[in-house]
Structure formats: C-alpha cells, structure tokens
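Enquirer: here is the input, now give the coordinates:
(one chain, ligands or ions: 1)
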Amino acid sequence: MTRQGKFRFKSPISNNENSQDWSWSYWLAVPFYPYGKRRTVKSEVIKDTIWTFDQLHGILYTIVPIRMTVVKLKEDGLLIYAPVAPTRECIRMVNEIVKKYGDVKYIILPTSSGLEHKVFVGPFARYFPNAQVFVAPHQWSFPFNLPLSWLGFPQKRTQELPSDVQKAPFAEDFNYTVLDINLGRGSFVEVAMLHKPTRTLLLTDTILSIPEEPPEIVQLDPYALLFHAKENGYDVVTDNKTNRRKGWQRIALFAIYFRPSALETVGLWQALRDAVKAVDKSKKAYFGLFPFRWKDNWQDSFNALRAYGRPFVAPILQTLILPQAPQQVLDWADKIATWDFGRIISCHFDSPIPTTPHEFRNCFAFLEKNSDVSKAFGCTNEPLIEDDFKFIKQLEANLIRRGIATLPKEKV
Ligand SMILES: [Fe+2]
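Expert: Okay, the predicted model is just below:
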C-alpha cells in the first residue's frame, strides 16, 4: 500500500455495452454519469477483512470514483459503509463475500448531505433483508425534504445511529464519532468510523488523496479520460498510458476546483469553428464542442493538488462548509486523532490512503489561526495553489450575497 499511482488495466467481464450486469434503472433519481450503466470494481484491501467497491459518478465526463466499504465483523457477518448502486454485478460480488463470511448485518449511511451516497442505501438494503440500517443524524434531501421511507429506506429496520457508541451493536469492532454542522437550510454530517482490529478509518467526503494515475474504475471505459486529454475540439487523441494519465489529471483538477486557474474558456465562435474541423461530431463527443484550453502550466496545478498523494480537505469543504463551525470540526478531528489508525478509506478518489492520526489532524489546520501548518491550504507543507481557489471563493461570495450561505466563523 503506497501513495504511488497505479496503472492497471482490468479486463472487463464483458464488453457488451448493454450488459444487464451493470444496469441501474433508478439513475434518474440522481442523474449523474454514468447514468443507467454502472460498472463495479472490487478490491480486497485487507485480506479476508476489508473490501472496497468502486463505481463512477460525475457530470460531463468529469468522473471520479464513488466507493462503498465492506468489513467483516469479528463474529460472522458484514458491515457496509456507504453503499453504492446495487447493480446485478455489485450484488453478485457482495454475495461472494457473504457466502464466505456471513450475511450483511449492518448498513451505514454515514452522511446527511451527500445525496450521491444516500440515494443507493434504500435499494441496496432491499437485497439484504436481515440487515439493520443505521443513518447519520439530521437527514434531509434536496430539492424536497422527503422522509427516508420515500427514498426507499426500509422503515422497520432503519434507525438513527446511536449517539452513544456503546449502544451500537457493532461497538466491539468499531468506534465512531459524528461531525454534525447545522448550516441553517440543512446539516453537513459525516460519520467517521474506526475499524479497530485493522486500524482503518472510514470517511465519506472530508478527506481525499489524489492518485497520479487514473483509478481502475475510470479505465474500464477510457472515453472520459481521452475526452479530457484533448487540446481542442478537433484534436484526435490516441488511447495510450500518457493520454489516459493526462485526461485523469485534468479531470481531478475539474472535480476539485470546478474551474482551475490553468483552464481558459474559448469563445462560442472559436468553439464552433473547432467543432466543424472535428472528426468525431457524435452526440457522445458533444458534437465536437470543447470550449476549453489548458494553459501550459496546468500540470503544476495538478502536482500541487496531488502533492505525493498526501491527504487533504477538498477546497469546497475548506471554503463553504467547515469554516461554518471551526471549533466543532477541530474537536471532531482532535477526537479522531486520539484513535490508533494507519490508513483511511475515503469514499472518493484514491484508496486506501496510508496516513497517521497526526497527519489526519493537520489536514484541518486551515481552521486555526496560529498553526504551524495553517498557511497551507492543503495539509502538511504542500499548499494548494491559491489561484485555483478563485472560482470557489467567487461562488462563496455569490451565495453569501444571495443569503444562501453565511459568512465563515472566525478561525480558532
Ligand atoms: Fe461524496
């Protein structure tokens, strides 16, 4: 387990694009790419104990992994953290584990705001009728605040995660602590769970690490990678390792900053002129439209973002969410930093992330006035490029002006 990127081609089970194995009929509920076809990559992280299941999510070919973690309990049975879409392929892979290690006993929804995680829990739970479903407190949904049963959660076996860990039926295997920030119109909630026997910390959205090479799940169909490797609308990109890597690194910049500083948009007429010259004018290729130009220094931005794979807090959370309750976040991070762990499994980007409690705690130094790492936007001494935050800062200013967001609280 390292922070080095991996480049492994996995041979798909089948190349039939209409495979029912990957079909996900309820994609309209949260219409993210890859919509109705969702592949799954299973990895065994700790032999006979922890497995991750990666699928994809995103928009406009800006796609990143979304991850579920399956943990074998000391006694027979499994706990599932943040389920992904229960496609036929995914359920078959879970059942391979069930056959060896026992039924799914507990399913955890570890977030209240992450719709991309919430949407799969109800449908997933239906495949495991003996499982109890535990949800993070203060659940809400957007645009309508629907009761969980309307989102397909099994009413009779769904309950809120007990605030007292000892009251949870899996307390022998897990410790957990909940970050619960009231944002006025809803809450940002994340449940950090420590699997004690393997010293593994499970997190949802708060911590990320960016791999240098495209993750395996993104490589099953490299179209999105090659799309983003283009320099303009008529560029023809061959499928090779260099172009896949280039596409992935640009996708990471898009996904993290929305509009990174190394990206320029081109005018409509230029985009149309380029599109006319494009060899592929299909709908899949957005009719040859590609209204971007990457500046020559785009890779500097990526290198600062990746910083050898160190864990960090996503800029959108650093800017819009966590500064709403700095003391609460730091208390939560302090508590987690007292736990003994050596790796983090996060629900997006790289996994697992080798780390230490100290390094994890440093990721939140941006909330402190007088921290020796507080000058860094990321954590450790590898700052992100301030210019790359511009778009998110503008977004914050807009939301504050419209009364949708409130000013950040003072640092601690
Ligand atoms: Fe998420």
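Enquirer: could you use CA atoms for every contact and neighbour count after this?
Expert: Will do.
Enquirer: count of neighbours near residue 90?
Expert: Residues lying near residue 90 (other C-alpha atoms under 10 Å) number 22.
Enquirer: got the phi and psi for residue 41?
Expert: phi -120, psi 120 (degrees, to the nearest 10).
Enquirer: once you drop chain neighbours, what's closest to it?
Expert: residue 54 (5.1 Å; C-alpha to C-alpha, 6 or more residues apart in numbering).
Enquirer: so that neighbour makes contact with residue 67?
Expert: Yes. Residue 54 is within contact range of residue 67, at 4.6 Å (criterion: C-alpha atoms under 8 Å).
Enquirer: which residues do the two both contact?
Expert: Common contacts of residue 54 and residue 67 (C-alpha atoms under 8 Å, 6 or more residues apart in numbering): residue 84.
Enquirer: all helices in the stretch 251-400 of the chain, in order from the N-terminus.
Expert: Assigned helices in the stretch 251-400 of the chain, in chain order: 268-277, 298-306, 315-316, 326-337, 357-362, 390-401 (criterion: DSSP state H, counting those that start in this stretch).
Enquirer: next: the stretch 51-200 of the chain.
Expert: 88-101, 115-126.
Enquirer: ends of stretch 228-247, how far apart?
Expert: 5 Å (C-alpha to C-alpha, to the nearest Å).
Enquirer: name the SS class of residue 44, please.
Expert: strand (DSSP: H, G, I helix; E, B strand; the rest coil).
Enquirer: ok, now which ones touch the closest residue to it other than its chain neighbours?
Expert: Nearest non-adjacent residue to residue 44, counting by C-alpha to C-alpha, 6+ apart: residue 51, 4.4 Å away. Residues counted as contacts of residue 51 (C-alpha under 8 Å, 6+ apart) are 42-45, 69-71.
Enquirer: now tabulate those residues in JSON lines and tack on pLDDT.
Expert: Below are the contacts of residue 51 laid out as JSON lines (pLDDT from 0 to 100):
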{"residue": "42", "pLDDT": "97"}
{"residue": "43", "pLDDT": "97"}
{"residue": "44", "pLDDT": "97"}
{"residue": "45", "pLDDT": "97"}
{"residue": "69", "pLDDT": "98"}
{"residue": "70", "pLDDT": "98"}
{"residue": "71", "pLDDT": "98"}
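Enquirer: can you give me phi and psi for the residue nearest to residue 88 when sequence neighbours are not counted?
Expert: Spatial nearest neighbour of residue 88, excluding adjacent residues (C-alpha to C-alpha, 6+ apart): residue 21 at 4.8 Å. In terms of degrees, to the nearest 10, the main-chain angles of residue 21 are phi -60, psi -30.
Enquirer: correct me if wrong: residue 78 contacts residue 101.
Expert: Yes. Contact status for residue 78 versus residue 101: in contact at 7.3 Å, counting by C-alpha under 8 Å.
Enquirer: neighbour count: these two, which is higher?
Expert: Using other C-alpha under 10 Å as the criterion, residue 78 and residue 101 rank with residue 78 on top: 25 against 19.
Enquirer: which pLDDT value belongs to that one?
Expert: We note a pLDDT of 98 for residue 78 in this prediction.
Enquirer: equivalent analysis for the one 3 residues further on, please.
Expert: As predicted, residue 81 sits at a pLDDT of 98.
Enquirer: which residue ranges of the stretch 201-350 of the chain form strands?
Expert: 263-265, 292-294, 343-345 (DSSP state E, counting those that start in this stretch).
Enquirer: for residue 280, grab phi and psi.
Expert: Main-chain dihedrals, residue 280, degrees, to the nearest 10: phi -100, psi 110.
Enquirer: need the contact list for residue 343.
Expert: So residue 343 contacts 199-201, 352-356 (C-alpha under 8 Å, 6+ apart).
Enquirer: the contacts of residue 51 into a markdown table, with extra columns for neighbour count and distance to residue 83?
Expert: Output for the contacts of residue 51, formatted as a markdown table (neighbours: other C-alpha atoms under 10 Å; distance: C-alpha to C-alpha, whole Å):
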| residue | neighbour count | distance to residue 83 |
| --- | --- | --- |
| 42 | 18 | 13 |
| 43 | 14 | 15 |
| 44 | 13 | 16 |
| 45 | 17 | 17 |
| 69 | 25 | 8 |
| 70 | 23 | 9 |
| 71 | 24 | 12 |
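Enquirer: got TSV for the residues you listed, with distance to residue 62 too?
Expert: What follows is the contacts of residue 51, written out as TSV (distance: C-alpha to C-alpha, whole Å):
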residue	distance to residue 62
42	22
43	23
44	26
45	26
69	23
70	26
71	29
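Enquirer: any idea what the most centrally placed residue in the chain is bridged to?
Expert: Residue closest to the mean C-alpha point of the chain, counted by C-alpha atoms, centre = their mean, is residue 348 at 2.6 Å. Beta bridges link residue 348 to residue 66 when assigned by DSSP bridges.
Enquirer: pretty sure it is touching residue 66, no?
Expert: Yes. Look at residue 348 against residue 66 with C-alpha under 8 Å: they come within range, at 5.0 Å.
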